[in-house]
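[1] no sequence for this one, just the structure:
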Ligand SMILES: [Zn+2]
C-alpha cells in the first residue's frame, strides 16, 4: 500500500514527499486537478497564473505534530463579466481559505474544547501532539455555529457581565432544557422586548426583581406569566428574614434592659443573660493550657 493511500486528502491532491524528524512529520501535498472553479462566478478556470506554498498544521501522527506543505496555484478567471481576475485555488475538502490548520484539526480542537475548557483543553492537546494555546481552543469553540432558537415555552432571563462590573449583557435560558439559548448585547428592556416579540410561544418568564426585565416581559410577551426565579425568591426570603431578626433582636435587647433596670436594687450588679457563660471545667482548662504551650513552642521553633 502506498503511503498516499493512508492519508485521506480528497480528490485532486497527492502526497509527493514525506520528511520525518525526531519531533515532527512534514508532508508535501500537490494539487493535481487540471482546472479550478472561480469562487466568485463559479466558472471553471484552467489558465495558470502562478504557484505558491502554503503551510498548515494537521492532526498528529503517532503523537508527532504534522505539518502540511501545500503546493497550490493561482488561476486567471477568463469569464468576461467576473470581477475576480485572479484567484487562489481552494481546497475545501482539506482546509478553509486563510486557515492555518486543516478542517479536521479544527474540528478535533473544538471537540476537545467542548469536552473540557480552554486551559484544560490546551494541556490535553499538548499531550496528544497538537501544540495549541488555550485561546485557540476557546476560539475554535466560539467559531462553532450556534443552533437557531426554535421553540421556547419557559424563558429565564437575567443579566451577566462581559467584563466583570463594567459591561453587562442579557442571558436567555430555556428552563425546560436548562440551556442558554441566546445572549443579548445589553440589558435594556427594548432589546429583550424585541427578542420576546419574535417568540409568541413563550408562556412563562422567570426574571429578577428589576424593572427592566419586568417591562420587557410585559410588552414583549404579554401572554406570559411572570415569576421570580428561585435565586431571587431565596434572596428575597433571606433579606426579609435578616430584617425581621434584626428588628426582633433590637426589641428584645431594649425589653431586657428595661427589665434589668426595674428589678435591680441600687448598688447591685446583675449579670445580663447574654453575658452568662458556664465556668469551664478543670479538664477544659488543662486542654487549653496544653494547646497554648504547644502553640508557643511551635512559634519559638519557627522563630529560631
Ligand atoms: Zn470568476
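    Received, thanks. As the structure is a prediction and not an experimental result, all values here were calculated from the model. Numbering: from 1, shown residues only.

[2] find me the pLDDT at the closest residue to the ion within the stretch 201-304 of the chain, would you?
    The ion sits closest to residue 201 of the stretch 201-304 of the chain, with a gap of 44.8 Å, by CB to the ion. C-beta: built from backbone N, CA, C; applies to glycine. Here the pLDDT value assigned to residue 201 is 93.

[3] what's the closest non-adjacent residue to it?
    Nearest residue to residue 201, sequence neighbours excluded (CB to CB, 6 or more residues apart in numbering): residue 151, at 5.7 Å.

[4] can you tell me the SS state at the one you found?
    Three-state assignment for residue 151 (DSSP: H, G, I helix; E, B strand; the rest coil): coil.

[5] also residue 239?
    Relying on three-state DSSP, one would call residue 239 helix.

[6] so it versus residue 212, what's the distance?
    Taking CB to CB, to the nearest Å as the measure, residue 239 falls 20 Å from residue 212.

[7] the two: who's more crowded?
    residue 212 (20 against 10; other CB atoms under 10 Å).

[8] and the one helix or strand that one maps to, what's buried?
    For residue 212, the host element (DSSP states H and E) is helix 211-220. Buried residues in helix 211-220, defined by neighbour count with 16 or more other CB atoms under 10 Å: 212, 213, 216, 217, 220.

[9] same question, stretch 55-75
    Per 16+ other CB under 10 Å, stretch 55-75 contains these buried residues: 56-61, 65-73, 75.

[10] likewise stretch 177-189?
    Buried, per 16+ other CB under 10 Å, within stretch 177-189: 181, 182, 184, 187, 189.

[11] same check on stretch 122-129?
    Buried residues in stretch 122-129 (16+ other CB under 10 Å): 122, 124, 125, 129.

[12] quick one: contacts for the last one?
    Same thing as residue 129. 60, 61, 63, 64, 65 (CB atoms under 8 Å, 6 or more residues apart in numbering).

[13] one more time with 10 Å
    Neighbouring residues of residue 129 by CB atoms under 10 Å, 6 or more residues apart in numbering: 23, 24, 25, 59, 60, 61, 62, 63, 64, 65, 66.

[14] now, the most widely separated pair of the residues you listed?
    23 and 59 (15.8 Å; CB to CB).

[15] in terms of helices and strands, where is residue 297?
    helix 282-303.

[16] hmm, who's touching that helix?
    279, 280, 281.

[17] of these, closest to residue 85?
    For those, the nearest to residue 85 is residue 280 (95.2 Å; CB to CB).

[18] okay, now the closest one: neighbour count?
    Neighbour number of residue 280 under other CB under 10 Å is 11.

[19] begin at 38 from here
    Understood, numbering begins at 38; the last thing we discussed is residue 317.

[20] touching, residue 250 and residue 208? I think so.
    No: Residue 250 sits out of contact with residue 208 when judged by CB atoms under 10 Å, with a separation of 11.3 Å.

[21] name the residues of the protein found near the ion, please.
    Neighbours of the ion within the chain, by CB under 5 Å from the ion: 75, 77, 78, 114, 116, 119, 121.

[22] and the residue lying closest to residue 317 once chain neighbours are set aside, how far from residue 315?
    Computed as CB to CB, 6+ apart, the closest residue to residue 317 that is not its neighbour in sequence is residue 325, at 7.5 Å. According to CB to CB, residue 325 stands 15 Å off from residue 315.

[23] the more surrounded of the two?
    residue 325 (11 against 5).

[24] from the stretch 138-287 of the chain, which residue is nearest to the ion?
    residue 140 (24.0 Å).

[25] how near is that residue to residue 159?
    20 Å.

[26] same check on residue 104?
    Counting by CB to CB - residue 104 and residue 159 are separated by 19 Å.

[27] show me where this structure has its helices.
    Counting by DSSP state H, the chain has helices at residues 140-152, 155-164, 171-179, 226-234, 248-257, 267-300, 319-340.

[28] now these in TSV, with mean pLDDT?
    Shown next, in TSV, are the helices of the chain (pLDDT from 0 to 100):
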stretch	mean pLDDT
helix 140-152	91
helix 155-164	86
helix 171-179	89
helix 226-234	93
helix 248-257	92
helix 267-300	85
helix 319-340	88
